[in-house]
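**Student:** Everything below, folded, please.
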Amino acid sequence: MTQATAVETADGRDYDAVVVGASLAGCATAILLGRAGARVALVEQRTDPAAYKRICSHYIQSSALPALERLGLLEPMIEAGAVRSGIRIHVPAGWILPPEDSSLAGVNLRRELLDPLIRSTAAATPGVELLAGRTVEELICADGAVQGVVARDTAGERLRLTARLVVGADGRGSRIAKLAGVRSRRVRHGRVAYGAYFQGAPPAGAPTASLWMLDPDMAAAFPTDGDLTFYAVMPVKERAGAFREDPGAALVEALQALPDAPPVAAGTMVGKPQGKLDMTNEANVPVAPGLALVGDAALAIDPLWGVGCGWALQSAEWLADSVTPALLGSEPLARGLRRYRRRHRRALRGHAVMMYDYAGGRRFRPVERMLFSAATHDAGVARIMEAFGSRRIGPARMMLTATPRAALARLRRRLGGLGRTSVSAPGREGSPRAAS
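**Tutor:** Okay, the predicted model is just below:
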């Protein structure tokens with residue numbers, strides 16, 4: 001495929017699509033649209049090609065592996081030191097240890113390495129022009145639709161970029177979403193997050209990632225490249241006071257207090273701990289006439305579950321597949337945008353609703369306790385919960401398949417317990433209660 005170039009106009013440039021934000025979602029969108037034959041402007045505010053998102057657990061769920069492979073990024077990530085890992089989960093009843101399957105493992109690579117990798121891939125894609133150091137100030141609108149953007153560079157020069165489609169990939173608190181005035185929903189988050197990298201202190205079971213669900217506090221460990229592990233804790237806001245004076249010491253203390261605590265004292269904290277106090281869930285309607293939102297610009301959800309990176313890549317793929325026919329002239333753009341909105345809602349709405357419900361910092365409900373408890377001793381329930389946790393199946397399928405099995409597992413354990421009690425209790429072997 002030959003390199004597609006923008007059409008120069010009297011006061012700017014014209015493309016098929018303008019993508020605002022050159023992080024995971026924006027770069028993935030640009031790569032896929034460019035490969036399909038579209039002319040794409042990839043607009044990035046930062047000038048440094050090595051810029052990266054600094055507060056991120058960087059865990060990419062296995063549900064996003066097909067997108068990584070399609071983008072051609074999985075092998076370069078492995079070569080850069082990425083760690084393939086499943087996940088084990090500690091709940092009040094013990095450890096959930098899903099059966100290991102390397103083909104379903106997630107991927108861990110620090111954003112310091114991943115972001116420049118995907119950005120350079122996008123910049124080298126035929127049809128994609130990376131415009132770094134430009135901040136979008138305005139949307140160009142006409143006839144009730146977005147038709148481009150006005151971007152300003154570091155010297156103050158303004159450039160008009162017109163396009164059939166503008167893609168907002170500018171993350172949580174998206175400026176593009178605000179400029180477009182799309183409907184938005186905000187849901188309270190009841191926890192705070194602190195995390196840091198540790199050298200030489202992998203958790204038990206590494207490279208498998210670990211998640212501690214402490215009901216209601218949370219903690220996690222993600223082994224990654226360079227013999228590093230990213231450790232994070234997410235206490236409810238009422239318990240976050242200890243982190244204000246000395247976040248590093250409070251982080252280590254919280255990690256050492258975990259059940260089956262990881263060996264952080266034997267390692268070295270690399271760099272300063274990072275903290276995030278406001279993690280309000282933000283959902284924007286992902287389309288408007290001439291506009292689409294991907295990644296956190298569309299849905300910035302509770303980071304506890306490690307879905308942000310994967311959903312950034314997947315939503316980019318859904319959008320590219322939905323609008324490519326329109327950008328190449330075979331159907332109206334509105335049809336492609338409707339297709340994307342349906343795909344986005346069908347894939348993520350159920351997960352989002354469940355995450356909103358838990359993000360406030362509440363304790364487990366009885367059905368959740370039953371599911372988690374059963375998963376600690378029933379491989380089938382553990383397998384279902386892992387598929388749900390990695391977002392390969394949705395909430396409805398998880399509940400329909402896991403709940404009956406968990407209830408049966410609980411009943412069997414109770415009957416087994418009654419049987420053991422009847423045998424050991426003297427003088428009751430022949431009683432009706434013992435026989436039951």
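
**Student:** now the helices for the stretch 51-200 of the chain?
**Tutor:** Here the stretch 51-200 of the chain has its helices, by DSSP state H, counting those that start in this stretch, at 65-71, 74-79, 111-123, 175-180.

**Student:** Gly241 is nearest to which of those helices?
**Tutor:** helix 111-123 (28.9 Å; CB to CB). For every residue, glycine as well, the C-beta is placed using N, CA and C.

**Student:** Would you mark the buried spots in that closest one?
**Tutor:** Buried residues in helix 111-123, counted by 16 or more other CB atoms under 10 Å: 111-119, 121-123.

**Student:** Show me what that helix packs onto, helices and strands only.
**Tutor:** Helices and strands touching helix 111-123, by 3 or more CB pairs under 8 Å, 6 or more residues apart in numbering; DSSP states H and E, are helix 24-35, strand 40-44, helix 74-79, strand 128-132.

**Student:** how about the strands in the stretch 251-400 of the chain?
**Tutor:** Counting by DSSP state E, counting those that start in this stretch, one finds strands in the stretch 251-400 of the chain at the ranges 268-276, 281-284, 287-288, 291-293, 299-300.

**Student:** Report the distance from the third one to the chain centre.
**Tutor:** For strand 287-288, the distance from its own C-alpha centre to the chain's C-alpha centre is 22 Å (CA atoms, centre = their mean, to the nearest Å).

**Student:** what mean pLDDT does it have?
**Tutor:** For strand 287-288, mean pLDDT is 98.

**Student:** List of residues touching that strand?
**Tutor:** By CB atoms under 8 Å, 6 or more residues apart in numbering, the surrounding residues in contact with strand 287-288 are 145-146, 180, 182, 293, 337-338, 340-341.

**Student:** Quickly check those residues for the two that are furthest apart.
**Tutor:** Between any two of these, the greatest separation by CB to CB is 16.6 Å, found for Ala180 and Arg338.

**Student:** which ones are touching Pro116?
**Tutor:** Contact partners of Pro116, counting by CB under 8 Å, 6+ apart, are 49-52.

**Student:** Could you save the strands of the stretch 251-400 of the chain as a markdown table and add columns showing distance to Pro395 and mean neighbour count?
**Tutor:** Formatted as a markdown table, the strands of the stretch 251-400 of the chain follow (distance: least, CB to CB, whole Å; neighbours: other CB atoms under 10 Å):
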| stretch | distance to Pro395 | mean neighbour count |
| --- | --- | --- |
| strand 268-276 | 26 | 14 |
| strand 281-284 | 16 | 20 |
| strand 287-288 | 23 | 24 |
| strand 291-293 | 23 | 28 |
| strand 299-300 | 15 | 24 |
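
**Student:** Relative to Pro332, which of those is closest?
**Tutor:** Evaluated over those, closeness to Pro332 peaks at strand 287-288, with 13.2 Å, by CB to CB.

**Student:** Tell me the strands beside that closest one, with direction?
**Tutor:** Strand pairing for strand 287-288, using DSSP bridges, gives strand 291-293 (antiparallel).

**Student:** before we move on, back to that, any chance of the buried residues of helix 111-123 in CSV, plus distance to Cys141?
**Tutor:** Listed next are these as CSV, based on distance: CB to CB, whole Å:
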residue, distance to Cys141
Arg111, 33
Glu112, 37
Leu113, 38
Leu114, 34
Asp115, 31
Pro116, 34
Leu117, 35
Ile118, 30
Arg119, 29
Thr121, 32
Ala122, 26
Ala123, 28
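
**Student:** Out of those, which is nearest to Ile60?
**Tutor:** Lowest distance from Ile60 to the buried residues of helix 111-123 (CB to CB) belongs to Leu114, with 8.6 Å.

**Student:** mind checking pLDDT for Arg239?
**Tutor:** According to the prediction, Arg239 has pLDDT 89.

**Student:** doesn't Leu214 make contact with it?
**Tutor:** No. Counting by CB atoms under 8 Å, Arg239 sits too far from Leu214 to count as a contact (10.5 Å).

**Student:** weakest of the strands of the stretch 251-400 of the chain in terms of mean pLDDT?
**Tutor:** In terms of mean pLDDT, the lowest-scoring of those is strand 268-276 (a mean of 94).

**Student:** Touching that one from outside, list them.
**Tutor:** Under CB under 8 Å, 6+ apart, the answer for strand 268-276 is 54-55, 192-201, 228, 243, 247-248, 251-252, 303.

**Student:** Also stretch 52-64?
**Tutor:** Stretch 52-64 is contacted from outside by 23, 68, 104-112, 114-116, 193, 195, 209, 220, 222, 224, 230, 232, 274, 276, 303, 306-311, 313-314, 390-392, using CB under 8 Å, 6+ apart.

**Student:** and Ala292, what are its bridge partners?
**Tutor:** Beta bridges link Ala292 to Val167, Val287, judged by DSSP bridges.

**Student:** Provide a list of residues in contact with it.
**Tutor:** Listed by CB under 8 Å, 6+ apart, the contact set of Ala292 reads 165-168, 286, 319, 323, 337, 340.

**Student:** And the average pLDDT for stretch 244-251 is what?
**Tutor:** 94.

**Student:** Fine by me, we can end here.
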